[in-house]
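J.: for reference, the sequence and a predicted model appear below.
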Amino acid sequence: MTGEPIRAAVLADTHGVLRPEVEEVLSTCDVVIHAGDFDSQLLYHKLSSKWPLYAVRGNNDRGVWAGGLPGVKRFSVGGVKFIMAHKRQDVPSDLKDVQVVVFGHSHMYQQEEVFGRLWLNPGGCGFKRFTLPLSLAVMTIENGSWTLEPIWLEKGYGTRSDAISQRDKAKESRYEKRQKRYKREKERSVARSDGRRAGESESAAELLGSGEPQAPAGKAPEAMDTRSELFLIARILRLRSAEESVEWIAQNLHAEPSFVKKVCDAAAKVQGADARQILEAMKRS
């Protein structure tokens, strides 16, 4: 291979999976550089039997077969000097004349040049991790210099910025789903709490020997006794704290919208007040 261009496949985190599309890329390459986490003796031997293989041990590479793999490896390909470790933090600080630093572990493609030295994480190309795109890289090395080509294994990931955009979009979607789920659970919790409090109020009325039936929430406040009025105000305050509208609260509690609005207005003026304090504030106004 001396004097001729060398194609080097750079990959990591295969985790026991050698995808057909990865094998297709490897078939066009002269050497394979693997930054660890083979996760499979069979996969390691398959690669080492078909290509000259430069490899390090990943945190998931265990067993006798992986014992001979170094944690950090220095090597040269086509006159280009490399250093490789599975995790970026394991790369030694003494890089001397190293031109390319290869690492993996995060499954996220990364390439950057720092003071003329290339730092490369080819990403993961085995099992998919969260929403991170599957990727590897191909370096063409000639006369001590190189060109680098990222290989994205999924549609929609044409460049690194596309990959990051897709990843952030998926994160935003998950956040929105969590917010909706949280709101539904909060509404159910409020409904259950209202049901329990309603049962407790009725039981208390029976124990006190009150023969007067409680007025339905839709009745005018004048027709309600103080206990029922306080109970209704407490329910309104709970729904208000969930940031529901006056109309929504009135409809779901079958209450007079004007009464609900008075309660909400009073609560806005007297922050943190309980139902009795709100009732007294409404009577004073």
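T.: Received it, and whenever you're ready, just let me know what you need.
J.: helices and strands of this protein: which one bottoms out on pLDDT?
T.: Scoring the helices and strands of the chain by mean pLDDT, DSSP states H and E places helix 160-207 at the bottom, with a mean of 64.
J.: immediately after it, which helix or strand?
T.: helix 226-241 (DSSP states H and E).
J.: shouldn't residue 247 be in contact with residue 257?
T.: Yes: between residue 247 and residue 257 there is a contact at 6.6 Å, judged by CB atoms under 8 Å. Heads up, the C-betas are built off the backbone N, CA and C, glycines and all.
J.: could you list the low-pLDDT ranges of the chain?
T.: Within the chain, the ranges that satisfy pLDDT under 70 run 1-3, 155-175, 194-224.
J.: which residue packs closest to residue 61, ignoring adjacent ones?
T.: residue 38 (5.6 Å; CB to CB, 6 or more residues apart in numbering).
J.: same thing with residue 276?
T.: residue 230 (6.1 Å).
J.: what is the neighbour count of that neighbour?
T.: Counted with other CB atoms under 10 Å, the neighbours of residue 230 add up to 17.
J.: wait, it sits on residue 275?
T.: Yes: between residue 230 and residue 275 there is a contact at 4.6 Å, judged by CB under 8 Å.
J.: quick one: residues contacting the residue nearest to residue 61.
T.: By CB atoms under 8 Å, 6 or more residues apart in numbering, the residues touching residue 38 are 14-16, 44, 47, 55, 58, 61, 66.
J.: just residue 134 next, same as before
T.: 19, 123-125, 128, 152-154.
J.: gap between it and residue 14?
T.: Taking CB to CB, to the nearest Å as the criterion, residue 134 is separated from residue 14 by 10 Å.
J.: and for residue 119?
T.: 21 Å.
J.: quick one: the residue nearest to residue 276 and residue 250, what's the gap?
T.: In terms of CB to CB, residue 230 sits 18 Å off from residue 250.
J.: can you pull out the helices in the stretch 1-150 of the chain?
T.: Assigned by DSSP state H, counting those that start in this stretch, the helices in the stretch 1-150 of the chain fall at 20-26, 41-50, 64-67.
J.: hmm, residue 46 and residue 26 touching each other?
T.: No: using CB under 8 Å, residue 26 is not in contact with residue 46, being 10.1 Å away.
J.: between these two, which one's more packed in?
T.: Ranked by neighbour count (other CB under 10 Å), residue 26 and residue 46 place residue 26 first, with 19 against 15.
J.: so who does residue 282 touch?
T.: Residues near residue 282 by CB under 8 Å, 6+ apart: 262-263, 266.
J.: now with 7 Å, please.
T.: By CB atoms under 7 Å, 6 or more residues apart in numbering, the contact list for residue 282 reads 262, 266.
J.: how is it assigned, secondary-structure-wise?
T.: helix (DSSP: H, G, I helix; E, B strand; the rest coil).
J.: for it, give its distance to residue 44.
T.: 76 Å.
J.: tell me the domain boundaries of this protein?
T.: Listed domain ranges for the chain are 6-158, 171-284 (source: automatic domain parsing).
J.: so of those domains, which one's packed in deepest?
T.: domain 6-158 (a mean of 18; mean count of other CB atoms under 10 Å).
J.: report the distance from it to the chain centre.
T.: 25 Å (CA atoms, centre = their mean, to the nearest Å).
J.: can you check stretch 275-285 too?
T.: On CA atoms, centre = their mean, the centre of stretch 275-285 falls 46 Å from that of its chain.
J.: could I have it exported to CSV, CA atoms only?
T.: Presented in CSV, the C-alpha positions along stretch 275-285 are these (Å, rounded to 0.1, in the frame of the first residue of the first chain):
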residue,chain,number,x,y,z
ALA,A,275,-60.8,29.3,50.8
ARG,A,276,-62.0,31.0,54.0
GLN,A,277,-59.7,34.0,53.4
ILE,A,278,-60.9,34.3,49.8
LEU,A,279,-64.6,34.2,51.0
GLU,A,280,-63.9,36.9,53.6
ALA,A,281,-62.1,39.0,51.0
MET,A,282,-65.1,38.6,48.6
LYS,A,283,-67.5,39.7,51.3
ARG,A,284,-65.5,42.8,52.1
SER,A,285,-65.4,43.8,48.4
